[in-house]
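**Q** My questions are about this predicted structure, shown below with the sequence.
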Amino acid sequence: MTTDFENTLNSAQELIDNEDHAAAIETLTPVIEAGGAPAEVYHLRGIAYTEDGQTNAALKDLNTALRLDKRNAQYHVSRGRLHMARNDASEAMSDFKRALRLDPDNADAYLERGDLQRAKGNLLKALEDYNAAIERDPDNGEAFYSRGIVYADLDRHAESLPDYNRALELLGDDTDIYTSRGAAYFYVDDLDASSADFTTALEMDPENVSALNNRAVVAFVRSDYEAALTDYTRAVEIIPLERLLIGGLAVTHHALGNVEEGVKAWQALVEMDRRYKNADVAGKEFLWPEPLIAEARKIVKKL
């Protein structure tokens, strides 16, 4: 039989899982204000504060949880995650290392440290940590997704595909995973699968700008300029000043014969950054395939 205290903790955890962080905080606060709350209550409210963006309150609660239970590896993982949210990489790394000293098989610590290593640009170290997380928790969907992203960062796109597939099995349909897998399919030259994944991502989130941009690139490579224009136009409506999207809109207009619109859009791009008078510089920054760069070179000659 569960106690009232256990019911409160379970209710708060469910609220956090459902991303109702304010309600979770409201549920846990009376327990703490009553006095004598154990470490796990402070830990759980610290997580809720972290997810709610209240980082100072989160740090106070997580510090209290660790003062009450110094050797709890999971509390160090949670505080390390908070330090990452506060852009304090050094403190985050210290907490993840402490967690692993206390519990060398803590998959969450490896996963979070892998995220930190990737953010620092240490891709091979990140890969090692994701491998360790998966070895210790073969059903950790986040670890598979994160490892897939690192494979993509390393231009090992074929290796990323099985990880994205496994992540979808474990985590369920997710617009970001479909977007990432669509990009991997593009780089292994499976344009049908690539476009299909971007479409699925957009069905889940019509304002997924990455999926719109990527599907437009696929359409452009296939010379389906009307489809590309539709996606770029929608993407620019969502983020009007995004240079990548303005560039895509420019080259697509130009490819369709809308020369004036294409040149005008590229001129707007150059006004943002004069480096874009060199189409190859723009193409490299935007990670464009050759067909888009070639069209951009035609526009630049008309400036």
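**A** Received, thanks. Residues are numbered from 1 along each chain as shown.
**Q** Counting by contacts, list what the worst-scoring helix or strand of the chain on mean pLDDT packs against.
**A** Across the helices and strands of the chain, mean pLDDT, DSSP states H and E gives its lowest value to helix 4-17, namely a mean of 88. Counting contacts by 3 or more C-beta pairs under 8 Å, 6 or more residues apart in numbering; DSSP states H and E, helix 4-17 packs against helix 21-33, helix 39-51. Placement of C-beta: from N, CA and C, glycine included.
**Q** separation between the closest residue in space to residue 158 that isn't next to it in sequence and residue 244?
**A** Distances taken as C-beta to C-beta, 6 or more residues apart in numbering place residue 188 nearest to residue 158, at 5.5 Å, with adjacent residues excluded. To residue 244, residue 188 is 22 Å away according to C-beta to C-beta, to the nearest Å.
**Q** the more surrounded of the two?
**A** Higher neighbour count among residue 188 and residue 244: residue 244, with 20 against 13, using other C-beta atoms under 10 Å.
**Q** and that one, what helix or strand is that in?
**A** Element membership of residue 244, judged by DSSP states H and E, is helix 243-255.
**Q** Output that helix as CSV, restricted to C-alpha atoms.
**A** Extracted C-alpha coordinates of helix 243-255, given in CSV (Å, rounded to 0.1, in the frame of the first residue of the first chain):
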residue,chain,number,x,y,z
ARG,A,243,19.9,33.8,-43.6
LEU,A,244,19.8,30.1,-44.7
LEU,A,245,16.2,30.4,-45.6
ILE,A,246,16.6,33.7,-47.4
GLY,A,247,19.4,32.2,-49.5
GLY,A,248,17.3,29.2,-50.3
LEU,A,249,14.4,31.4,-51.3
ALA,A,250,16.7,33.4,-53.6
VAL,A,251,18.2,30.5,-55.5
THR,A,252,14.8,28.8,-55.9
HIS,A,253,13.2,32.0,-57.3
HIS,A,254,16.2,32.3,-59.7
ALA,A,255,15.9,28.6,-60.8
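**Q** contacting residues around it?
**A** With C-beta atoms under 8 Å, 6 or more residues apart in numbering as the contact definition, helix 243-255 has outside contacts at 209, 213, 216-217, 220, 223, 225, 228-229, 232-233, 235-236, 239, 259, 261-266, 268-269, 272-273, 276, 282, 286, 288, 292, 295-296, 298-299.
**Q** Can you name the next helix or strand after it?
**A** Following helix 243-255 in sequence, per DSSP H and E, is helix 259-272.
**Q** For that next one, buried residues please.
**A** 261-263, 265-266, 268-269 (16 or more other C-beta atoms under 10 Å).
**Q** got it, and stretch 251-259?
**A** Buried, per 16+ other C-beta under 10 Å, within stretch 251-259: 251-255, 258.
**Q** before we move on, what about stretch 171-180?
**A** 174-180.
**Q** now swap in stretch 13-23 and tell me
**A** So for stretch 13-23, counting by 16+ other C-beta under 10 Å, buried means 13, 15-16, 20-21, 23.
**Q** correct me, but residue 131 touches residue 147?
**A** Yes - if you go by C-beta atoms under 8 Å, residue 131 and residue 147 touch, sitting 7.1 Å apart.
**Q** Those two: who's more crowded?
**A** Neighbours per residue (other C-beta under 10 Å) separate residue 131 from residue 147, with residue 147 holding more: 28 against 15.
**Q** Now name the helix or strand holding the residue lying closest to the more buried one once chain neighbours are set aside.
**A** Among residues not flanking residue 147 along the chain, residue 130 sits closest, at 3.9 Å (C-beta to C-beta, 6+ apart). Element membership for residue 130 (DSSP H and E) is helix 123-136.
**Q** Show me what the next helix or strand after that helix is packed up against.
**A** Using DSSP H and E, the helix or strand that follows helix 123-136 in sequence is helix 141-153. Judged by 3+ C-beta pairs under 8 Å, 6+ apart, helix 141-153 is in contact with helix 107-119, helix 123-136, helix 157-171, helix 175-187.
**Q** Give the buried residues for helix 141-153.
**A** For helix 141-153, the neighbour count (16+ other C-beta under 10 Å) marks 141-152 as buried.
**Q** Cool, thanks, signing off.
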